[in-house]
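J.: What follows is a predicted protein model with its sequence.
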Amino acid sequence: METVSDLLDDVRTQIEADDAALKEARERLAFVRSKAESFYGALRSYQSGSLAAHTMNEPVTDGDGGLVLNRNYYPGLGPEGTGTEAPGEIVSELIDHLRPLIREEYPDAKMHTSKRGPKIHFHAPLDDGTDPTVDLVLALTRKEGEGIWIPNLEADTWEPSDPEQHIALFNGDAAGFRSTRRKIMRLAKAWNKQYVTPGASSFEMCVWGYEFTESGMGVPKGLQALFDNAAARLEAGKPTPDPAHVSKNLKLLIEPATMAVRLRKAATHLQDALDASTDEDAVRAGVSGAFWKYIDAPETSALSSAATSLKASTPVAATALGIPVTGNTAGASAARAYGDSRQ
């Protein structure tokens, strides 16, 4: 008999990142960091993001890291400096420094500027076509306060952050719990990206995993707790704080009310599956309701009734889920066949 754990394991198998691609991404990030550390005034480099937190899903597209400059070498740079140097100027200097060093190993590499610093395209794909990039944040030590300054090159400003502390938090706790939490985070990220417009950043999904899962829950109950508690927070009109208490509150990618509906729906589906542990069709229906792109719904009369009920729901509910409606909600089924149309 299929259990909730079995079905979630099926989802995890489908989203599992390729080992060779992960290895390549890590090696490219380490290579870029080593070259960046020879830049004038460099204090240290670090790794961040999904690669460092071990929450990367397929496909493996990039590796994130940063280079921290000692502010004493750049008195005109940053909010605590004289303001005579713009962040974009230093990023351009860093790109000029990196270009010949990286091309010694990757002759076709191209360097561009992203929102936070250099972005390196290696143009050296693996056999499966995977060609991970590296995003390197240029950062500056702070005179006061925790964390570092990171640039917003689009706004020509600096913002406080602590990506190193984020990774320390995500990678903390006992090994068994840490492994379970990472599985939950990967599943939550996959759930979020089923929508045409994901509701939150991958980082925020992981923050909810860090906040709302507890040792001993296991993957199914932990994932349900993430959905349930995140929904409750948004329903109460509360934002998600930075877990390092350095940056501003996290921002959703869609309206909080819409995201709250999505999360509540997922929480209900998983709770239904957990409650129906002796009914295989009901378990599958519950999990497929949350992961419609990965798990086929069972063909049962009960499921047909549920689908009919959903189609008869009000346009307001459908709109809250981001499902386009015209006149009625006849096209708003949550069955897997309609998954690609969700917003």
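T.: That came in fine, so what should we check first? On a predicted model such as this, the values are computed, not experimentally measured, just so you know.

J.: mind listing the helices for the stretch 51-200 of the chain?
T.: For the stretch 51-200 of the chain, the helices defined by DSSP state H, counting those that start in this stretch occupy 87-103, 163-170, 175-192.

J.: could these go into TSV alongside distance to residue 52, mean neighbour count and mean pLDDT?
T.: Just so you know, the C-beta spots here come from the backbone N, C-alpha and C atoms, and that holds for glycine as well. Output for the helices of the stretch 51-200 of the chain, formatted as TSV (distance: least, Cβ to Cβ, whole Å; neighbours: other Cβ atoms under 10 Å; pLDDT from 0 to 100):
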stretch	distance to residue 52	mean neighbour count	mean pLDDT
helix 87-103	20	17	96
helix 163-170	5	20	97
helix 175-192	12	21	98
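
J.: tally of neighbours for the spatially closest residue to residue 75 that is not a sequence neighbour?
T.: Excluding its sequence neighbours, the residue lying closest to residue 75 (Cβ to Cβ, 6 or more residues apart in numbering) is residue 81, at 5.5 Å. When neighbours are defined as other Cβ atoms under 10 Å, residue 81 has 16 of them.

J.: Does residue 81 touch residue 74 like I think?
T.: Yes: when contacts are counted by Cβ atoms under 8 Å, residue 81 is listed as touching residue 74 (6.6 Å).

J.: quick revisit: which residues does the residue nearest to residue 75 contact?
T.: By Cβ atoms under 8 Å, 6 or more residues apart in numbering, residue 81 lies in contact with 71, 74, 75.

J.: try it again with 10 Å
T.: The contact partners of residue 81, taken as Cβ atoms under 10 Å, 6 or more residues apart in numbering, are 71, 74, 75, 140, 143, 149, 158.

J.: For residue 205, see how far away the spatially closest residue to residue 53 that is not a sequence neighbour is.
T.: Using Cβ to Cβ, 6+ apart and skipping the chain neighbours, the partner closest in space to residue 53 is residue 170 (4.4 Å). Noted for residue 170: a distance of 12 Å to residue 205, by Cβ to Cβ, to the nearest Å.

J.: Common neighbours of the two, please.
T.: The contact lists of residue 170 and residue 205 share 55, 185, where a contact means Cβ under 10 Å, 6+ apart.

J.: what's near enough to touch residue 40?
T.: 69, 70, 73, 74, 90, 93, 94, 97.

J.: okay, those residues in JSON lines with distance to residue 119 next?
T.: Converted to JSON lines, the contacts of residue 40 look like this (distance: Cβ to Cβ, whole Å):
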{"residue": "69", "distance to residue 119": "18"}
{"residue": "70", "distance to residue 119": "23"}
{"residue": "73", "distance to residue 119": "24"}
{"residue": "74", "distance to residue 119": "22"}
{"residue": "90", "distance to residue 119": "15"}
{"residue": "93", "distance to residue 119": "16"}
{"residue": "94", "distance to residue 119": "12"}
{"residue": "97", "distance to residue 119": "15"}
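
J.: Need the helices of the stretch 51-200 of the chain in CSV (columns: distance to residue 247).
T.: Output for the helices of the stretch 51-200 of the chain, formatted as CSV (distance: least, Cβ to Cβ, whole Å):
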stretch, distance to residue 247
helix 87-103, 17
helix 163-170, 9
helix 175-192, 19
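
J.: of the ones you listed, which approaches residue 64 most closely?
T.: Checking those against residue 64 by Cβ to Cβ gives helix 163-170 as the closest, at 8.1 Å.

J.: Convert the C-alpha atoms of that closest one to CSV, please.
T.: The C-alpha trace of helix 163-170 is given here as CSV (Å, rounded to 0.1, in the frame of the first residue of the first chain):
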residue,chain,number,x,y,z
PRO,A,163,24.1,35.0,3.8
GLU,A,164,26.8,33.2,5.7
GLN,A,165,24.6,33.1,8.8
HIS,A,166,21.7,31.8,6.7
ILE,A,167,23.7,28.8,5.6
ALA,A,168,25.0,28.2,9.1
LEU,A,169,21.4,28.1,10.3
PHE,A,170,20.1,25.9,7.5
